[in-house]
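**Q** Okay, here's the prediction I keep looking at, along with the sequence it came from:
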Amino acid sequence: LPATVELVLMAIVWVLVLGVPLGVLAARYKDSWVDNLVRVMAFIGVAVPPFVVGLFLQLTFSYLLGILPTTGRLSLMTPAPPLRTGLLLLDSLIEGDFSALGDALKHIILPSFAIAMTGIGQIARLTRASMSDVANQDYIEASRGFGIPNRVIAFKYMLKPASIAPLTILGLTFASELSNAFLVETVFAWPGLAKYGIRAILRKDFNAVMGVVLIIGLAFVIVNLIVDILAGYVDPRIRIKHEEGE
């Protein structure tokens with residue numbers, strides 16, 4: 001379970017770090033070559049299955065370029081840090097073992113990015129649409145009239161109200177990342193929950209399959225609860241409606 005949690009959390013980091021800025025860029029340079037490029041990238045990310053992306057990444061960065069490892073969580077020559085949380089990146093930081101930290105980062109880059117491609121495309125498209133809607137608001141036009149730079153307007157005045165829609169779909173994105181992990185973990189020989197679930201399915205171990213489904217469902221509920229709380233923090237109107245309902 002910790003291996004899959006670490007992989008999916010890293011994929012969510014990719015989604016936030018790449019998906020949101022790409023959506024902002026596409027909205028800022030709407031109908032330009034930048035916008036068209038982002039839309040094509042988002043379409044490819046949504047359309048191509050994650051395990052195919054994983055195979056392509058292995059071929060490019062492992063076999064052709066030889067700069068990133070193909071499988072596993074750590075190299076055979078790298079001793080694992082003492083088990084505290086089961087998350088190798090966090091355990092390495094706690095122990096101050098930067099050699100293991102660097103090796104774990106190298107191993108997690110390709111599988112996490114393969115899982116994140118679908119989410120990056122979805123969040124980029126949704127952020128672009130939300131930013132385009134916010135751009136037509138009166139206070140944005142007034143900000144431009146005051147001579148505030150477009151970069152400041154985009155990231156300071158537009159991004160927060162535009163982040164509500166992408167934030168609400170983040171829970172669904174998490175569920176999508178978990179489902180994507182099933183085949184990606186097999187491709188990268190990642191020793192996680194998804195790989196365990198596939199083995200249970202092939203062996204017809206129904207108790208193990210039900211346990212995996214239960215864990216995934218519980219994680220989905222918890223993440224959606226966190227997303228709802230964050231949405232209330234970002235959008236005060238949600239808190240006001242909740243208080244009026246009480």
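**A** Okay, I see it.
**Q** from memory Asn150 sits against Arg28, does it?
**A** Yes: using Cβ atoms under 8 Å, Asn150 makes contact with Arg28 at a distance of 6.6 Å. Any C-beta I mention is one placed from the backbone N, CA and C, and that applies to glycine too.
**Q** What sits closest to Ala27 if chain neighbours are left out?
**A** Once flanking residues are discounted, Ala27 sits nearest to Met131: 3.3 Å by Cβ to Cβ, 6 or more residues apart in numbering.
**Q** Share the number of residues neighbouring the one you found, please.
**A** For Met131, the neighbour count with other Cβ atoms under 10 Å is 25.
**Q** could you list every residue that touches it?
**A** Counting by Cβ atoms under 8 Å, 6 or more residues apart in numbering, Met131 touches 23-24, 26-28, 154, 158-159, 162.
**Q** again with Trp190
**A** By Cβ under 8 Å, 6+ apart, the contact set of Trp190 is 3-4, 7, 71-73, 111, 181, 184.
**Q** circling back to that earlier point, any idea which of the contacts of Met131 is the one closest to Ala104?
**A** Distance to Ala104 across the contacts of Met131 (Cβ to Cβ) is lowest for Gly23, with 29.4 Å.
**Q** Give me the secondary structure label for the closest one.
**A** What DSSP: H, G, I helix; E, B strand; the rest coil gives for Gly23 is helix.
**Q** Verify the contact between it and Arg39 for me.
**A** No: the pair Gly23 / Arg39 is not scored as a contact, 10.2 Å apart, by Cβ under 8 Å.
**Q** Who has more neighbours out of these two?
**A** The neighbour comparison of Gly23 against Arg39 (other Cβ under 10 Å) goes to Gly23, with 28 against 16.
**Q** In a markdown table, list the contacts of Met131 along with distance to Leu214, secondary structure and pLDDT.
**A** Conversion of the contacts of Met131 to a markdown table gives the following (distance: Cβ to Cβ, whole Å; DSSP: H, G, I helix; E, B strand; the rest coil; pLDDT from 0 to 100):
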| residue | distance to Leu214 | secondary structure | pLDDT |
| --- | --- | --- | --- |
| Gly23 | 34 | helix | 84 |
| Val24 | 38 | helix | 82 |
| Ala26 | 39 | helix | 83 |
| Ala27 | 40 | helix | 80 |
| Arg28 | 44 | helix | 79 |
| Ala154 | 43 | helix | 74 |
| Met158 | 41 | helix | 76 |
| Leu159 | 37 | helix | 74 |
| Ala162 | 36 | helix | 73 |
